[in-house]
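In: Predicted model and sequence follow; I will ask about them next.
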Amino acid sequence: MADEPLVLGIETSCDETGVGIVRGHTLLADAVASSVDEHARFGGVVPEVASRAHLEAMVPTIQRALKEAGVAASDLDGIAVTAGPGLAGALLVGVSAAKAYAYALGKPLYGVNHLASHICVDQLEHGPLPEPTMALLVSGGHSSLLLAPDITSDVRPLGSTIDDAAGEAFDKIARVLHLGFPGGPVIDRIARDGDPDAIAFPRGLTGPRDAAYDFSFSGLKTAVARWIEAKRAAGEEVPVADVSASFQEAVADVLTRKAVRACKDEGVDHLMIGGGVAANSRLRALAERRCEDAGITLRVPRPKLCTDNGAMVAALGAEMVARGRSASAWDLSADSSLPVTDPHVPDPEAHTHSHAHSHTHDHDHVHELSRKNLYA
Amino acid sequence: MLLLALDTATPAVTVALHDGSEVLAESADIDARRHGELLLPAVHRTLRAAGTELAEVTDIVVGVGPGPYTGLRVGLVTAATFGAALGIPVHGLCTLDGIAYAAGRAGLTGPFVVATDARRKEVYWARYDDPLTRVTEPAVDHPADLTEAGPVAGLPAIGAGALLYPAAFAEVPSGMPEHQSAGALASLAAAKLARGEELLPPRPLYLRRPDAKVPANYKVVTPK
Ligand SMILES: [Zn+2]
């Protein structure tokens, strides 16, 4: 539909410079410039290297997205940008660019939450998000279980990792096995030739008294490293495929078990999985099986939309426009620790000074209250 | 010609508008940690004060540093994005040149050195024969290495870097600019453009390699 909001989204929270363009729930462009190769020799993302790359890539990536979408900048209804969480210096490049672009074009600016964007991107793949949606976000930077009654205004953290992110554990194990960086794809590939039950690695935080929805991958990581070291110390060959498959199984088992349990506990019949680790084939397969067994509909976007990208930011921005949420102010900050409970960063002045405007959203507010009651 | 100049390479977040013959409006905030928050409101304020809007601007001028990276990038990415959105040229100028130009207007003739704070007990600096003539490439060094029989020994020094390490420099004249002024930067750019001079590409002068420590090699965790 032509009257759906046309929004450009900018994402620079880590090592990908992403610019996406959407019209409502339709993906028009998803341009990404990655600096991952520059980080590989360091075995992890180096913030200053990422920030420098964002500055270089910003304008060319915006122009590539516009060309790909076949739209004129003047037709945009708004500019969305990841305001946080993420690497402070990296976020600042995107936020500054988005402000300048919005200001120059005379369009509203929407600073949005990176995690909520990871959830909202699924609207581009599978249509409107069910309300509420249960979301499992897993990547090198985050491992969280989130309940989203309204992706633009109400996102509730149920649990998250208490130590390493899931993707981080993949990177570290890949390093121990000398498989390179990033670790996720290579472990996934090698694990296909291994036996997931070969080694019984620990499942963190799954005891009866442990936090039901929190994750811990640090103990698993140490256990795998110790196991490998013991083999090496004994002069034995490390069965890389079996180690990879068994490690990956432990991660996928815990993630899917907890996500399905959260759905059952909260009475939610949809599970969305996003973030870079959602591309992992074993996680997908196990989630599919367990969701099917539990009568839960699983929604996982295609891998390119699961990793960090600008389209997810544009998707959430478009939803902000569609629901009449307040735009951000020109002094919007890049907030490296923006709480997940803030899906966007509205202009603080807008709430206090524009009562006449906010009346138009009374319907939404009533809606939110009734939904809140459901989950209180 | 309507020139919008901005510079975030020093603690000053500074914006000015110049019509080719004079500065129409200028804004400056000194806050080394809030470049990102302060710049766009400052642009808006400056345009308002001059009674114009961004769409009327014909050229962007941006200080390319040297400067601490995080703040420096705010100005550069803002300038580049304005240029792309409006389809107008973006010119770079060395931030130290703007300070030297302002020093000339304040009565300094030369030779002298401009030094800004590079943090980590270092300064970004360059040597000038006169306010319009820089004779060294911008560099980053410990002040003592420059002045004790070094390349700027005995020269007057201006800028926040000189004020921060007065003991290291022979003479820090008073009444000279401490911070960058986008008005000075704009005036310098307007003069250069009028003479048909080519300015710098709007790319950052970092002068330092990124701090990129390779994580320590895999540590053996098995107890021996
Ligand atoms: Zn992410």
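Out: Good, I have the coordinates. Numbering: from 1, shown residues only, chains lettered A, B, ... in the order given.
In: Can you pull the residues of chain A lying near the ion?
Out: Taking CB under 5 Å from the ion as the measure of proximity, chain A contacts the ion at A:139, A:308. Backbone N, C-alpha and C define where each C-beta goes, glycine included.
In: Okay, strands next: where are they in chain A?
Out: In chain A, the segments counted as strands under DSSP state E are A:6-11, A:16-23, A:26-34, A:78-84, A:109-113, A:133-138, A:143-150, A:154-160, A:270-274, A:297-299.
In: Nearest to residue B:113, out of those?
Out: The closest of those to residue B:113 is strand A:16-23. By CB to CB, the value is 37.4 Å.
In: Could you list the single helix or strand in the chain with the lowest mean pLDDT?
Out: Looking at chain A here, since you left the chain open. One helix or strand of chain A scores below all others by mean pLDDT, DSSP states H and E: helix A:362-375, with a mean of 32.
In: oops, chain B please
Out: Lowest-scoring helix/strand for chain B, mean pLDDT, DSSP H and E: helix B:143-147, at a mean of 86.
In: next helix or strand past that helix?
Out: For helix B:143-147, the following helix or strand on the C-terminal side (DSSP states H and E) is strand B:157-158.
In: distance of the residue positioned nearest the centre of chain A from residue A:35?
Out: Ranked by distance to the mean C-alpha position of chain A (CA atoms, centre = their mean), the top residue is residue A:118 at 3.6 Å. Plainly put, residue A:118 is 20 Å away from residue A:35 if you go by CB to CB, to the nearest Å.
In: Does residue B:137 touch residue B:127 like I think?
Out: No: counting by CB atoms under 8 Å, residue B:137 sits too far from residue B:127 to count as a contact (9.8 Å).
In: more crowded one of these two?
Out: The neighbour comparison of residue B:137 against residue B:127 (other CB atoms under 10 Å in any protein chain shown) goes to residue B:127, with 23 against 11.
In: Could you pull up phi and psi at residue B:171?
Out: With angles defined as degrees, to the nearest 10, residue B:171 sits at phi -150, psi 130.
In: next one: residue B:196
Out: According to degrees, to the nearest 10, residue B:196 has phi 80, psi 20.
In: neighbours of it, just the number please.
Out: For residue B:196, the neighbour count with other CB under 10 Å is 6.
In: What number of residues are in the vicinity of the nearest residue in space to residue A:278 that is not next to it in sequence?
Out: Nearest non-adjacent residue to residue A:278, counting by CB to CB, 6 or more residues apart in numbering or on different chains: residue A:306, 4.2 Å away. When neighbours are defined as other CB under 10 Å, residue A:306 has 25 of them.
In: doesn't residue A:275 make contact with residue A:306?
Out: Yes: between residue A:306 and residue A:275 a contact is recorded at 6.0 Å, counting by CB under 8 Å.
In: what residues are shared contacts of those two?
Out: Residues touching both residue A:306 and residue A:275 by CB atoms under 8 Å, 6 or more residues apart in numbering or on different chains: residue A:118.
In: dump the residue contacts of the residue most central in space within chain B.
Out: Nearest to the mean C-alpha position of chain B, counting by CA atoms, centre = their mean, stands residue B:95 at 2.6 Å. The contact partners of residue B:95, taken as CB under 8 Å, 6+ apart, are B:7, B:9-10, B:63-67, B:116, B:180, B:185, B:205.
In: Give the rounded mean pLDDT of stretch B:111-121.
Out: Stretch B:111-121 carries an average pLDDT of 96.
In: wait, stretch B:18-36
Out: 95.
In: so where's the chain uncertain?
Out: Assuming you mean chain A. The model of chain A has pLDDT under 70 over residues A:1-2, A:351-376.
In: should've been chain B
Out: Using pLDDT under 70, chain B drops low at B:213-224.
In: Do you have the helices of it handy? List them.
Out: B:35-49, B:69-86, B:95-105, B:143-147, B:160-164, B:182-194 (DSSP state H).
In: Check the stretch 201-350 of chain A too.
Out: All helices of the stretch 201-350 of chain A, identified by DSSP state H, counting those that start in this stretch, fall at A:218-233, A:240-266, A:281-294, A:303-306, A:310-322, A:348-353.
In: Now tabulate the ones you listed in JSON lines and tack on distance to residue A:45.
Out: Converted to JSON lines, these look like this (distance: least, CB to CB, whole Å):
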{"stretch": "helix A:218-233", "distance to residue A:45": "18"}
{"stretch": "helix A:240-266", "distance to residue A:45": "20"}
{"stretch": "helix A:281-294", "distance to residue A:45": "22"}
{"stretch": "helix A:303-306", "distance to residue A:45": "17"}
{"stretch": "helix A:310-322", "distance to residue A:45": "18"}
{"stretch": "helix A:348-353", "distance to residue A:45": "32"}
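In: Let me know which of those is tucked in deepest.
Out: Highest mean neighbour count among the helices of the stretch 201-350 of chain A (mean count of other CB atoms under 10 Å in any protein chain shown): helix A:310-322, with a mean of 31.
In: near chain B, anything from that helix?
Out: No: for helix A:310-322, no contact with chain B is found by CB under 8 Å from any CB of the partner chain; the gap never falls below 14.3 Å.
In: Remind me what that helix packs against, helices and strands.
Out: strand A:6-11, strand A:16-23, strand A:26-34, strand A:78-84, strand A:109-113, helix A:114-120, helix A:122-126 (3 or more CB pairs under 8 Å, 6 or more residues apart in numbering or on different chains; DSSP states H and E).
In: Would you mind getting the angle between the third one and helix A:310-322?
Out: Spelled out, it's strand A:26-34. 140 degrees (axes from the mean of the first three to the mean of the last three CA atoms, to 10 degrees).
In: quick one, strand A:26-34 and strand A:6-11 angle?
Out: 20 degrees.
In: Residues in contact with strand A:26-34: which ones?
Out: For strand A:26-34, using CB under 8 Å, 6+ apart, the contacting residues are A:4, A:6, A:15-22, A:53, A:57, A:60-62, A:64-71, A:124, A:304-305, A:309-311, A:315.
In: let's see it at 7 Å
Out: A:15-22, A:57, A:61, A:64-65, A:68-69, A:71, A:124, A:304, A:309-311 (CB atoms under 7 Å, 6 or more residues apart in numbering or on different chains).
In: Sheet-wise, list the partners of it with their directions.
Out: strand A:16-23 (antiparallel) (DSSP bridges).
In: Which parts of the strand it pairs with count as buried, going by neighbours?
Out: A:16-23 (16 or more other CB atoms under 10 Å in any protein chain shown).
In: CA atoms only: put it into PDB for me.
Out: This file holds the C-alpha atoms of strand A:16-23, laid out as PDB (Å, rounded to 0.1, in the frame of the first residue of the first chain):
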ATOM      1  CA  GLU A  16      28.100  -3.600  10.300                       C
ATOM      2  CA  THR A  17      27.100  -0.400   8.600                       C
ATOM      3  CA  GLY A  18      23.500  -1.100   7.700                       C
ATOM      4  CA  VAL A  19      21.100   1.100   5.800                       C
ATOM      5  CA  GLY A  20      17.600  -0.400   5.000                       C
ATOM      6  CA  ILE A  21      14.500   1.000   3.500                       C
ATOM      7  CA  VAL A  22      11.000  -0.300   4.100                       C
ATOM      8  CA  ARG A  23       7.500   0.600   3.200                       C
END
